[in-house]
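> need a structure here:
(one chain, ligands or ions: 1)
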Amino acid sequence: MRLVSVTTEPLAIPLLDPFVIATARVDHTTSVRVDVVVEHEGQPFRGRGEAAALHPVTHEHVDEIATSVQEVAPALLGRALDRDLTLLAGVLADRPVARAGLEQALLDAVACAQGVPVHALLAPGSRRMPLVTDVTLPILPVERMVALAVGHRAAGFTAFKVKVGKDEDHDRAALAAIARAVPDARFRLDANAALSAEQALALLRDLRGLTLECFEQPCARDDLDGMAHVTAEGGVPVIADESVRDLADLERIVERRAAHGVNLKRVKSGGMLPALAIGRAARAAGLTVMVGAMVETWLGLYGMAHVAVALGGADFVDLDTAFLLAEPTFAAHHGPTLELPDLPGLGLVDG
Ligand SMILES: [Mg+2]
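Numbering: from 1, shown residues only. Now for the predicted structure:
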């Protein structure tokens, strides 16, 4: 099996509402699609990957992703491919978003050539299972957040990932209004690193009475004292996202007891294989696991869904951003239950 071609194109799909979090705002996906062709026993097999940037959550800007991939592609063409993707060793090590797009496309193509789904390539013997995702409410006017929540509830969603940390008075008002409109709502807060431990704990005190499932990244990436304080005192599971990009980050979180769990994402860790390794290490250390994404189409979300299946499931599934897009992309799903099709590769049906 050898790599024949690598191409890139922008993937800018408009969003229904601006995606506003404590540290960023986007109105369309800021991704690059990576396509590869692999030749195996004289037959071509194509693979696709999504490299989703979300600056400053990712260091990389979308406008540098395609260049990063194209710079390394010539040295990879014609090289032999195996299921561990050894040809990517050391490649794009400081460009995790670009690397994740290329890695996903290669895994898709190799899995197609071998006639197996990607999760079976990642973890032989792994079996498909339904994944039940939450749905994200960005920071928007309270009445819009309520209307979105009511609409998502009608579509079957009961877990809401609510972005907080830009204005805590707004957060309190929005969460109270959503809880009134959707009485059986379960909430997962995500401050995207914006709060001090004291602010996070004050917010949690005011939200007693709501069903809170977890609080993701209350404090800054390197504020592990703050993260540990919220973990010890908050009364709700804390999930590290921005604080964990690699295994060394995970070790620090475990040592400092700075979270109960970790959010795995392809693009912050350089791909599905590194994300899977972090997930396995987190499990071994007794941490819970969330599978997540940036603002991605089904192409990128399917990549993480395969990682979740390879892990044997996840405690929290946050693979929802395709529901926030104004156009259907790569697959059709309705409601919170995502089941990968029984097809080789990623299993995407169109695009
Ligand atoms: Mg997050």
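> now do the SS call for residue 335.
Following DSSP: H, G, I helix; E, B strand; the rest coil, the label given to residue 335 is coil.
> who's in contact with it?
Going by Cβ atoms under 8 Å, 6 or more residues apart in numbering, residue 335 touches 155-157. (Each C-beta comes from the backbone N, C-alpha and C, glycine too.)
> same list (these) but as CSV, adding pLDDT, secondary structure and distance to the ion.
As requested, these are exported to CSV (pLDDT from 0 to 100; DSSP: H, G, I helix; E, B strand; the rest coil; distance: Cβ to the ion, whole Å):
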residue, pLDDT, secondary structure, distance to the ion
155, 97, coil, 22
156, 98, coil, 23
157, 98, coil, 18
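> point out where the stretch 201-350 of the chain drops to low pLDDT.
For the stretch 201-350 of the chain, no stretch has pLDDT under 70.
> most neighbours of all the contacts of residue 335, which one?
In terms of neighbours by other Cβ atoms under 10 Å, the contacts of residue 335 top out with residue 157 at 21 neighbours.
> and that residue, its phi and psi?
For residue 157, the backbone dihedrals (degrees, to the nearest 10) come out as phi -80, psi 140.
> mind listing what it touches?
133-135, 335-336.
> pull the most distant pair out of the residues you listed.
Spanning the widest gap among the contacts of residue 157 are 134 and 335, at 12.1 Å by Cβ to Cβ.
> quick check: the residue of the chain nearest the ion.
Closest to the ion within the chain is residue 241: 3.7 Å, counting by Cβ to the ion.
> next one: that residue from residue 58, what distance?
Plainly put, residue 241 is 12 Å away from residue 58 if you go by Cβ to Cβ, to the nearest Å.
> what does residue 22 give?
15 Å.
> so which of those two has more stuff around it?
Set residue 22 next to residue 58 and count neighbours by other Cβ under 10 Å: residue 58 wins out with 23 against 18.
> quick one: that one and residue 269 touch, right?
No - using Cβ atoms under 8 Å, residue 58 is not in contact with residue 269, being 11.0 Å away.
> outline the domain layout of this structure.
Following automatic domain parsing, one finds the domains of the chain at 2-115, 131-338.
> now the last one: how far from the chain's centre is it?
Shown here is domain 131-338, whose average C-alpha point lies 9 Å from the average C-alpha point of the whole chain (Cα atoms, centre = their mean, to the nearest Å).
> again with the first one
Taking the mean C-alpha point of domain 2-115 and that of its whole chain, the gap between them comes to 15 Å (Cα atoms, centre = their mean).
> just the mean pLDDT for that domain, thanks.
Averaging pLDDT along domain 2-115 gives 96.
> how many residues are close by residue 343?
Around residue 343 there are 15 residues (other Cβ under 10 Å).
> show me the helices in this structure, by range?
Counting by DSSP state H, the chain has helices at residues 65-76, 96-114, 118-122, 142-154, 168-181, 197-206, 224-233, 247-256, 266-269, 272-284, 298-310.
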